[in-house]
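Asker: predicted model and sequence below, questions to follow.
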Amino acid sequence: MQYRLRPATHADRDTLKLLIERSARKLGAGDYRPEQIEGALQGAFGVDTQLIDDGTYFVVEIAGKIVGCGGWSRRRTLFGGDRHAERDAGELDPRTDAARIRAFFVDPDHARRGIGRALLERCESEARARGFTRMELMGTLSGVRLYQALGYAPGEAVHYPVAPGVTIEFVRMRKA
C-alpha cells in the first residue's frame, strides 16, 4: 500500500472532523451504542488543534485522500477534541511523565491495513526523540486490540459521561 504520512495542518480540520465521525460511527458500532458514539463526538472524540499547533498530529493519505490520523502530546490532556471540557495545556516532564498518545482514527474502508500501526510508530519515535520513555493513552474499546498488539498494557476502565445519563467506556493503557 502506497501512503504518505505527514503532519496535519489547520487546512485539514474539516476533513479530519468528517473522518473522525465516520470512523467512530462505523468502527465503534461493535463496541458502543449509537447514543454513546454521538455523545462522544460532542467532545471526547474530535480534532484537537493544540496537537496541530504543536506539530504532533499526523495524517495518512492514500492517493491524496486522508484515511487516518493520530498524534502524540507533551501536554497534560489525555484525550478529547477542542470541545472537550477537561483540557490542560500544561507541559509534561519527560523525566517523570508519560507522553500522551492521542486521537487515533482510521477510515473504515482502510481499517486493519497498517495505518494505525504506522501512525503509532511515528508518534512513539517522535516522543522518544523528545526524551519520553513511557507512553500513555485512553483507548476506545475498538482501539484496545491494536494498542495491546503493539505493547500497551491495559489498566483501569474509565466510564466517561458524554451526555445526560450516557457514559462511554475507555481503557487507560500504558507502555514503557
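Answerer: Here it is on my side, so go on. Not measured: the values here are computed from a predicted model.
Asker: tally of neighbours for the residue nearest to residue 92 when sequence neighbours are not counted?
Answerer: Distance criterion Cβ to Cβ, 6 or more residues apart in numbering; nearest residue to residue 92, sequence neighbours excluded, is residue 74 at 5.2 Å. Where C-beta positions appear, they are placed from N, C-alpha and C, glycine not excepted. Per other Cβ atoms under 10 Å, the neighbour tally for residue 74 reads 19.
Asker: residue contacts, residue 74?
Answerer: Residue 74 makes contact with 54, 56, 91, 92, 94, 99, 100, 127, 130, 132 under the criterion Cβ atoms under 8 Å, 6 or more residues apart in numbering.
Asker: quick one: contacts for the third one?
Answerer: Going back to what we said before, that points to residue 91. 74, 75, 76.
Asker: so what's the residue minimising distance to the centre of the chain up against?
Answerer: Geometric centre of the chain, nearest residue: residue 103, 1.7 Å, by Cα atoms, centre = their mean. Listed by Cβ under 8 Å, 6+ apart, the contact set of residue 103 reads 20, 45, 46, 47, 48, 51, 57, 69, 70, 71, 79, 81.
Asker: ok, of the contacts of residue 74, which one's closest to residue 140?
Answerer: Distance ranking of the contacts of residue 74 against residue 140, using Cβ to Cβ, places residue 100 first at 14.9 Å.
Asker: I'd assumed the closest one was in a helix, is it?
Answerer: No: according to DSSP: H, G, I helix; E, B strand; the rest coil, residue 100 belongs to no helix; its state is strand.
Asker: start at 57, not 1
Answerer: From this message on, residue numbering opens at 57, which makes the last subject residue 156.
Asker: neighbours around it, how many?
Answerer: Neighbours around residue 156, by other Cβ under 10 Å: 25.
Asker: I'd say it and residue 134 touch.
Answerer: Yes: contact criterion Cβ atoms under 8 Å: residue 156 and residue 134 qualify, at 5.6 Å.
Asker: I appreciate the help and will end here.
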